[in-house]
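Colleague: okay, structure incoming, though there's no sequence with it:
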């Protein structure tokens, strides 16, 4: 099954299947409640489900005894060809991000809730991936909450 996400302008559509595989690297997380930035070792896994309808995801960041992890899945919204990323984090919270692809970048916003979060996934090269999570305040300012720079495991 080949699915692509809506392209905007002259840029080709983002193909979420380029993410398939195991990834590792490093990055930063802002610790909840404290706001302290913590450098972490990171990993991600993107696996096509046997049904072929979605891509299972898992992302983690670890530093000493602190671990952040989430799991979820991607699927294409047939109503508008956008990509939906549904995520459950290690604290039991659930979020749904909806996004569109532009070239090598997928950008989505969290649906529902009062807080506005934006996630950006960029394929820097076929073997290099950048993940960013931002919080957007009421004035439109963007604050980085997490960043992972990952390389494809071979």
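Modeller: That came through, no problem. The shown structure was predicted, so the numbers you read here are calculated from the model rather than taken from an experiment. Numbers count the residues shown, from 1 in each chain.

Colleague: hey, what's residue 28 bridged with?
Modeller: Here residue 28 sits in beta bridges with residue 39, residue 147, as judged by DSSP bridges.

Colleague: spatially nearest residue to residue 88 (excluding sequence neighbours)?
Modeller: residue 94 (5.3 Å; Cβ to Cβ, 6 or more residues apart in numbering). Placement of C-beta: from N, CA and C, glycine included.

Colleague: if you could redo that for residue 11, that was the one I meant.
Modeller: Using Cβ to Cβ, 6+ apart, the nearest residue to residue 11 is residue 103, at 4.0 Å.

Colleague: kindly report the same for residue 71.
Modeller: Using Cβ to Cβ, 6+ apart and skipping residues adjacent in sequence, the residue nearest residue 71 is residue 58, 4.7 Å away.

Colleague: quick one: contacts for the one you found?
Modeller: 44, 45, 69, 70, 71, 72 (Cβ atoms under 8 Å, 6 or more residues apart in numbering).

Colleague: number of residues surrounding the residue nearest to residue 88?
Modeller: 12 (other Cβ atoms under 10 Å).

Colleague: quick check: it vs residue 28, distance?
Modeller: 24 Å (Cβ to Cβ, to the nearest Å).

Colleague: element containing residue 138?
Modeller: Using DSSP states H and E, residue 138 sits within no helix or strand.

Colleague: wouldn't residue 76 be in contact with residue 99 here?
Modeller: No. Judged on Cβ atoms under 8 Å, residue 76 makes no contact with residue 99 at a distance of 11.0 Å.
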